Structure formats: C-alpha cells, structure tokens
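# Here is my input, please return the structure:
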Amino acid sequence: MDYSRFKSGSDIRGYALGDESNPLYMSDEMVMRCTAAFVDFAREKLGKSALTVSVGHDSRLSADRISSAVKLALTGKGAAVIDCGLCSTPAMFMTTVKAGCDAAVQITASHHPKDRNGLKFFTPEGGLNGEDIALILRNAAENDMPVKGDGKCVARDFMAEYAAMLRDMIIDGTGAGEKPLAGLKIIVDAGNGVGGFYAKDVLAPLGADTEGSLYLDPDGNFPNHAPNPENAQAMQCITDATVKTGADMGVIFDTDVDRSAVVGKGGFAINRNRLVALAAKTALEDCPGGTIVTDSVTSDGLAEFIKENGGVHLRFKRGYRNVINKQLELCSKGIKCPLAIETSGHAAFAGNYFLDDGAYLVTKLIIKAASLAKESGSLEKLISALKEPVEEKELRFKILCDDFRPEGEKIIELFKSEAQNNPDLEPSPDNYEGIRINSKDGDGWFLLRLSVHDPIIVLNSESNTPGGVMKMCRTVLDIIKTADNISLLDITPLEEYVK
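Modelled structure (predicted):
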C-alpha cells in the first residue's frame, strides 16, 4: 500500500466505508500504523516519552471503527488516552491547552462525502504541517505493525467544557449578565454534523431563542444537505430558514465545526468575501493597522474594504494551513496579524491560539451583533461598503493522469507566459499561488490554480461588468486549445460554459 497517497494537505484522508480493496481504504491496520507513527512524532517533538492523548470524532458512520483502532494503537504505544467521543475539531485542539493533553487525534473528513474519513493531529503548538504528515505516513508504512494495547482509556465530556468556554466568552464580551442573548433569535444549521451543541449548549442557556434550528442531531448519512458553508444548497437552506423564522441571525457549520458562515436578518447571506470582510472589520477594531491574511481567491473589492478599514491585505494561498502559517510567520517578525481567513470559512484569530475555529468566529460575531442590536445596528450594515463583483464563476478541470502535479504546473506556466505577451492581460502583483491575471476586456480577473488536494485545476473569475466572466472564460479556452503541450486537461466544463 502506498501510504503517501493518503496525504491530503495537512490531514490524512481516505475511504472508510465500502470496498476494502480500494487502495485508499482506511483499514484498521492503516489507522493503527498512522496513529503509532504520530505517537513517535509527538514524543520526539515534545521531548517526552509519557504522553496523554485525546481522541475525538465527528458524526461519520465509520467513526466508531476508526476511533477503536486509534485507541488500540495509542494504548499499545503506552500512551494514556482521553476519549472525548463526539467532538468538534477545534475542541480537540483545546484539549491540549485546557485539559492537560500532550496531543490530540481528531477523526474527521470535514465536509467530504459520508464514505470518507480521516485523521487530524494536534500538539499544543497547533495542527501539523504537510511535511509532518508526509513523515508520519512514511514511518507508518516502514515501521512494524503496532501491538494492540489495553492501557488506560478514560472518557471525558470535553464538549461540555468547551461549550462553557464559549458561553463565558459571550457573557464577558457583552457585559450583559447571565442571559446576554435574551431577546435575540438565533438559529443554527448543523448539517447533522457536530455543531448542534452550539444551539443547545451555548445559545439557549444564554437566553437566545433557537427555535427553528435545523439538523442538530448527528447523522453520518448527512441526509439533508452537504455540511458545508460553501455549498450553495446548504447556504440557501439556512438563508430560507432565517427568513421563515424571522431570526436575527442564522448560523451554519461544517461537519466538524472548524468552518462557519452566518446569515443576517432578512436573509442576507454572509459567507465567502462577505464573511472575510466582516471578520476582518471585527479583528481590525482590536488591532488597528493589522495585516489580514486571506486565500488567493478573495475579491478586489475585499482588498479595498480592508484598506479602507485601516488594515493591510495579504492575499496568499488556498489551504487553511497556508494562511495560518503565513500569519504565524508575520507575527514572529513583529508584524501585527490578528486574522488569517479563507473564503471557505476557516478563520484563525491570533487571540485564539491561531486556531481555525468556526464556533469561535461565530461567537465573536454574535457578541458584535448583540452590541449592535442595542443601537438598531446589524452585521450586514458593517460591510455595506464592500464592493462586490457583478459576476463570478468557478470551474474545475480534471487532470487526466496519476502524476498530476507536473501537468498542472505546466498549465500554470502557460498562462504566466501568456500574461506577459497578451496586451489584454496583466499578471496580478500579489501572485502566491497559481497565476492571477487582470483582464482589461473582461473588466475583472481570473485565477488558475492547482487544487491543494486533488488532480484538479480550478478556474476562478470575477468581473465588474455583465458578460465579463464569459469574455475571460473564452480567452482561457482559446489559450488552452491553441497550446501545443496541453492534452491531459479535461476542459469539458469550460467548453460547455462558453456555449
């Protein structure tokens, strides 16, 4: 088995249901080997042999099986185990900060289909980097199969403790007593993931009316919609529910609650660029002049908005670890960087251990909303000056080979060259990923990038003029079709769009 293929950015992911002959099937042996390799990694990194490791999981159908394998490997390696059961990913990291754990293992595949699962590892310094995961996978393949252990394993309801932290945060942030959310109606769509706790254990005890919340019960079949704030159906679902119930705010989480989005009163969806703008404005109030790190697909209007609010915008790479690592790098150099955030909903505040935590972000916004409500204000009014594109489009093209990265890089180089020679095109000055090109004819920009995890080239485009996106897509199609050495890219989605 080629363990390196299980690497997905800074996570380990594969299939966990169905065909066990699938080369990416997460068998019990594979899970135990990876867990044992993580124990060795953590011991070396932390410089200690006696480890206490917490284990948690989201609502996936394969969670119990994989959790059992993880615990067998941990105890077989001599680690003491804290079994947190159903738990959010951010809460699992917090066990290393608030519960005395040396490391943590979260079993999750985020928003991916129900037959997938994965392993996410933490130490008190945060989540691991891609290089760490590659090392763990190499060692998992090369080392001996770990013995099954029956050592100490203690259950702990850490989610109750984590919910209490969020309640205290709201009470302290609002200064409005023990029921600071009384009079506010806030509904939650948990998408049958872990996030139902936020309505039941955070909002309701603080006086909020949460009636009308959706899909709070964990169900690994995800029968209602994809648990993903980027998914159009999911966002429409919480938007419709916010309007129908007359809620002051709607909240939506992904499966493991490290991502979120919100909806304002009347159905104003606040995700993607709007969410980045709102989070940035909130962060800059406490850190004037700070740098906001975002992913590569944020809009020109957002860059202008951050500047107008006294901040510095650094448009970096896709991938939550990429933006967080850039944030950490800037802070280590003495540059104030209060927030790193992706349009996907990953948001890491410096004041929260540089952890991407969807519930923490929502809590910050609820505190702000509660304050604004006293003055008849609203979250949506805070970002009313955000200039939004007239059109936007994302298309994804499969690379038709196993060794996809060189082919993807060849496509990027093609467009870098074209941008130097085509008078209509101009490379953006802040290219950190793929190639972002400003188009005069399209009155906007397009970005071609290689997916962080998959053999896919992604095309994002935005225009300030009706029809501008179509013009840019036709330009992209013409360039690819006239290239001599591009044959392994499935451009069917682009061809169908320009028809």
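
# excluding its backbone neighbours, what's nearest residue 169?
residue 363 (5.5 Å; CB to CB, 6 or more residues apart in numbering). From N, CA and C alone the C-beta is placed, and that goes for glycine too.

# what do you get for residue 471?
Spatial nearest neighbour of residue 471, chain neighbours left out: residue 442 (4.5 Å); criterion: CB to CB, 6+ apart.

# Let's verify the one you found: helix, strand, or coil?
Secondary structure, DSSP: H, G, I helix; E, B strand; the rest coil: residue 442 is coil.

# going forward can the numbers begin at 599, since that is how I track them
Sure, I'll start numbering at 599, so the last one becomes residue 1040.

# now it: how far from residue 1065?
As judged by CB to CB, to the nearest Å, residue 1040 and residue 1065 stand 9 Å apart.

# Let me see the contact set for the residue nearest to residue 767.
764, 767-768, 771, 800 (CB atoms under 8 Å, 6 or more residues apart in numbering).

# so which of the residues you listed comes closest to residue 1012?
residue 764 (47.9 Å; CB to CB).

# my guess is the closest one contacts residue 803, does it?
No. The pair residue 764 / residue 803 is not scored as a contact, 10.4 Å apart, by CB atoms under 8 Å.

# And those two? Which one has more around it.
residue 764 (22 against 15; other CB atoms under 10 Å).

# Write down the beta-bridge partners of the most centrally placed residue in the chain, one by one.
Centroid-nearest residue in the chain: residue 944, 3.8 Å away (criterion: CA atoms, centre = their mean). On the basis of DSSP bridges, residue 944 is bridged to residue 857.

# quick one: it from residue 1024, how far?
Using CB to CB, one obtains 30 Å as the distance from residue 944 to residue 1024.

# What of residue 1091?
Taken as CB to CB, the span from residue 1091 to residue 1024 is 25 Å.

# Please apply the same query to residue 646.
53 Å.

# the more surrounded of these two?
Relative neighbour count places residue 1024 above the other of residue 646 and residue 1024, with 14 against 10, counting by other CB under 10 Å.

# Name every sheet partner of the helix or strand hosting the more buried one and say whether each one runs parallel or antiparallel.
Using DSSP states H and E, the element containing residue 1024 is strand 1023-1025. Partners of strand 1023-1025 in the sheet, by DSSP bridges, are strand 1033-1037 (antiparallel).

# tell me the average confidence for the strand it pairs with?
Throughout strand 1033-1037, pLDDT has a mean value of 97.

# Then stretch 1013-1027?
Computed over stretch 1013-1027, the average pLDDT equals 94.

# ok so, going back, so what's the residue nearest to the centre of the chain up against?
Each residue near residue 944 by CB under 8 Å, 6+ apart is listed here: 856-857, 918, 921, 954.

# most neighbours, which of those residues?
Neighbour-wise, those (other CB under 10 Å) top out at residue 856, 32 neighbours.

# okay, now the residue nearest to that residue when sequence neighbours are not counted: neighbour count?
What sits nearest to residue 856 in space, not counting adjacent residues and going by CB to CB, 6+ apart, is residue 687, at 4.6 Å. Counted with other CB under 10 Å, residues neighbouring residue 687 total 29.
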